[in-house]
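A.B. asks: I would like the atomic coordinates for the input below:
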Amino acid sequence: MPSSNQTIAGPASHGPVAPYPVSHVPALPEHWSARVSTSLQADENLQAWLQPDLDSRLHFAEGLLALTNRRLLAWLPGSNEYQEWPLSGELRLDHHDHAGVGTLELLDASGRLACWRYTLANNLDALRLIGEFDLQRDSIVSGHAAQRPDEELCPKCKAPLEPGAEECPICNRESAVAPSTWTLFRLWRFARPYRWQLFLGFVLTLASTAATLVPPYLTMPLMDEVLIPFQNGKPIDWELVSMYLGGLLGAAVVAWGLGWIRTYILSLVSERMGRDLRTQTYDHLLGLSLEYFGGKRTGDLMARIGNETDRINIFLSLDLLNFATDVLMITMTAVILFSINPWLALVTLLPLPIIAWLIHFVREKLRTGFEKIDRVWAEVTNVLADTIPGIRVVKAFAQEKREGDRFRTANEHNLVMNDKLNRTWSLFTPTVTLLTEIGLLVVWVFGIWQISKGASTVGVLTAFLAYIGRFYTRLDSMSRIVSATQRAASSTKRIFDILDHVSSVPEPTKPIHLQNVTGRLELKKASFRYGTRTVTKDVDLVIQPGEMIGLVGHSGSGKSTLVNLICRFYDVTEGQVLIDGVDVRSVPVAEFRSHIGLVLQEPFLFFGTIADNIAYGKPEATRAEIIAAARAAHAHEFILRLPHGYDSLVGERGQGLSGGERQRISIARALLIDPRILILDEATSAVDTETEKEIQKALDNLVKGRTTIAIAHRLSTLRKADRLVVMDRGRIVEVGNHDELMATEGHYFKLYTAQLRNVDTEALEPAGPNQPKTVSA
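C.D. replies: Got it, this is the predicted structure:
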């Protein structure tokens, strides 16, 4: 093999191709940079790279794929040797993913040349590599250099940004439609049950606003009939003064009383609307399928149900109330002003067109700004939702600094977005205040001129100034509500993004209720597609009542998907899943799942007592039933050793218990509901041998008389299965017991013998005719 510093010529027939500038290529990790640099030829430039972080057995291992303008280079994990494939028109890269593992295949006309696997954290690098591969290959074939415009990259995911784009389309996958203020009217469905209280609140608002407008009106006679005549030598009529001052006091007390009652009633209504909004959103969220949760972050959903509903609640209880008061105050004040002096009233309204234009201009800026801020804030909560539950892993790997940097980056992004919005908002508010002050100055000038001409009186001008103070104050307040309105509209849109989402596992319109379930399952031509990717295809399988089936196959072969279809976590896209001859889509979801017990590889325990966790599927269970289930699950003994026995508190996600103890509680939980169908998903894969024996005893009790479907990578644990179903690439390829399948020497035989030898099954397959050139580094 030639050494890495030896020049390896590309295909001579294509001639020289000008390398594309490499400023767009993200920097290689330092320990790979030297190896790649010494492997490149004089006229080669690195165009893209990918670090496959899984080996063929799906163990973590670091390799490297490097694409140049001439070749594709691949470094094997733990080796200084690399393989190379000169770019040609016959080569292509194919990409797919399943169960969190991405696969990249290099193909030509004869078949697969190489295969690499990686976790989906590297998916963007893989997509970028494929795009560059196609570009460079086509340029080789055509003999023209690859051309592309200069690209700006997202600082977070390094994906290309559109010219002038503020946000990355990959980091922000939500709809680009800006939230409209009209979205707020959709909240009427939550306000409708309280419409009479709202009507009463509106009447009280109208009355209290009218009461606050009485005092300025009484200043006119006080000025013109009492104070000015007194200055001209006429004695004060104290009876008249007392009447006017009594009117001022009475109006103030009435306005206070009506305002207090109004605020209390509307606050009660808004709190109840907020409660209903949170409850209905959470109930709807629980009814959505796993497909929805697969594309969402926990922190984002928590922020929507928590922060967004709180913001809507504040808007309904405070801002909307103030807005209604402002509108009534401005309208009623304008009517009074025109009734007193129409010309002076017209002068008062001069700033309104400019303020209205400003509000429209700023509203357009705020519409999208607040939704972006909400999404950025969700990034902050996502970091917290990831880190706090996984704090043991963070500390175990000493990654506190890394997680701190993640939080700091998200928090900094939040600061940048807020600063950008505040630049607009900080200019808007003082501008409105300045316009109202100018309007007040114009009224003074015009009022003094009218008095000098005898067209008005000092009392009228005084009353005008008092009303204008209220008018402009409310106008300024209403302009500030623009911010709160757009925030509430953004929050409402994010809440209705959840409420508008239709579950991909809907309830039947004409439900069929099952009687005396036996547990017979049948799959007829069952196929499932995730997006455009087919995961399972034409699966036909009948499982008799009480039969134990073992599902085996490579990772990504479709075992978990098949179980998800049986549990109706997803619905088949083609074909049927039947229980006792009834299509599961015709049975109410909760009723159907009540007949299924699920024991997972990683059992999830809730914060609460041991007894609460065992009785999760049957909250009404008696203590005797809970203890009986724990005994059958071989959990009773270790539970009694806990400080408070069955009343001992379990930490979040079962902290404080070992993996085997958590698993046995999970088995007891499944036993308590006495299901007819049992799903065991790698139930013993994460424990030691002794613990596995204890769990296996518990499982023996659990499977008795039940239709059981077990998934296990350790094939020896499925010896007791009545039949083994072997899956490969979403299809059933073999069915039979252990001895029958070993005798046929097919897929199961390869899996079993490979597991015994602890080697990858791909090593058993003959090498293909198109082997790459291997170069020693």
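
A.B. asks: now residue 236, what's its secondary structure?
C.D. replies: Put simply, residue 236 is coil when judged by DSSP: H, G, I helix; E, B strand; the rest coil.

A.B. asks: tell me the contacts of it?
C.D. replies: 226, 230 (Cβ atoms under 8 Å, 6 or more residues apart in numbering). Glycine gets a C-beta too; all of them are placed from N, C-alpha and C.

A.B. asks: And it, how far from residue 746?
C.D. replies: Between residue 236 and residue 746 the distance is 114 Å, computed by Cβ to Cβ, to the nearest Å.

A.B. asks: How about residue 646?
C.D. replies: 49 Å.

A.B. asks: Torsion angles phi and psi at the nearest residue to residue 76 once chain neighbours are set aside?
C.D. replies: Leaving aside its chain neighbours, residue 76 sits nearest to residue 63 (5.9 Å; criterion: Cβ to Cβ, 6 or more residues apart in numbering). Backbone torsions of residue 63, given as degrees, to the nearest 10, read phi -120, psi -170.

A.B. asks: do residue 301 as well
C.D. replies: phi -70, psi -40.

A.B. asks: ok, how many other residues are close to the closest residue to it other than its chain neighbours?
C.D. replies: What sits nearest to residue 301 in space, not counting adjacent residues and going by Cβ to Cβ, 6+ apart, is residue 285, at 6.8 Å. Using other Cβ atoms under 10 Å, residue 285 has 17 other residues around it.

A.B. asks: Repeat that for residue 564.
C.D. replies: Using other Cβ under 10 Å, residue 564 has 21 neighbouring residues.

A.B. asks: Now do the contacts for it.
C.D. replies: Contacts of residue 564 by Cβ under 8 Å, 6+ apart are 290, 570.

A.B. asks: Please apply the same query to residue 288.
C.D. replies: 501, 503.

A.B. asks: sorry, back to before: which SS state does the residue nearest to residue 301 fall under?
C.D. replies: The three-state assignment at residue 285 reads helix, by three-state DSSP.

A.B. asks: Could you do residue 103 as well?
C.D. replies: Residue 103 ends up strand, using three-state DSSP.

A.B. asks: I'd say it and residue 112 touch.
C.D. replies: No. Taking contacts as Cβ atoms under 8 Å, residue 103 lies outside contact range of residue 112: 10.6 Å.

A.B. asks: residue ranges for the helices of the stretch 451-600 of the chain, please.
C.D. replies: All helices of the stretch 451-600 of the chain, identified by DSSP state H, counting those that start in this stretch, fall at 458-499, 559-566, 589-593.

A.B. asks: closest one to residue 752 among these?
C.D. replies: Closest to residue 752 of the helices of the stretch 451-600 of the chain is helix 559-566 (Cβ to Cβ; 15.8 Å).

A.B. asks: Report the distance from that closest one to the chain centre.
C.D. replies: A distance of 24 Å separates the centroid of the chain from that of helix 559-566, by Cα atoms, centre = their mean, to the nearest Å.

A.B. asks: Could you list every helix and strand in contact with the helix or strand harbouring residue 240?
C.D. replies: Assigned by DSSP states H and E, residue 240 belongs to helix 238-287. The contact analysis (3 or more Cβ pairs under 8 Å, 6 or more residues apart in numbering; DSSP states H and E) places helix 238-287 against helix 188-191, helix 195-212, helix 214-221, helix 309-314, helix 320-340, helix 458-499.

A.B. asks: Quick one: distance of the helix or strand just after it to the chain centre.
C.D. replies: Downstream of helix 238-287, the next assigned helix or strand under DSSP H and E is helix 290-294. Chain-centre distance of helix 290-294: 10 Å, with Cα atoms, centre = their mean.
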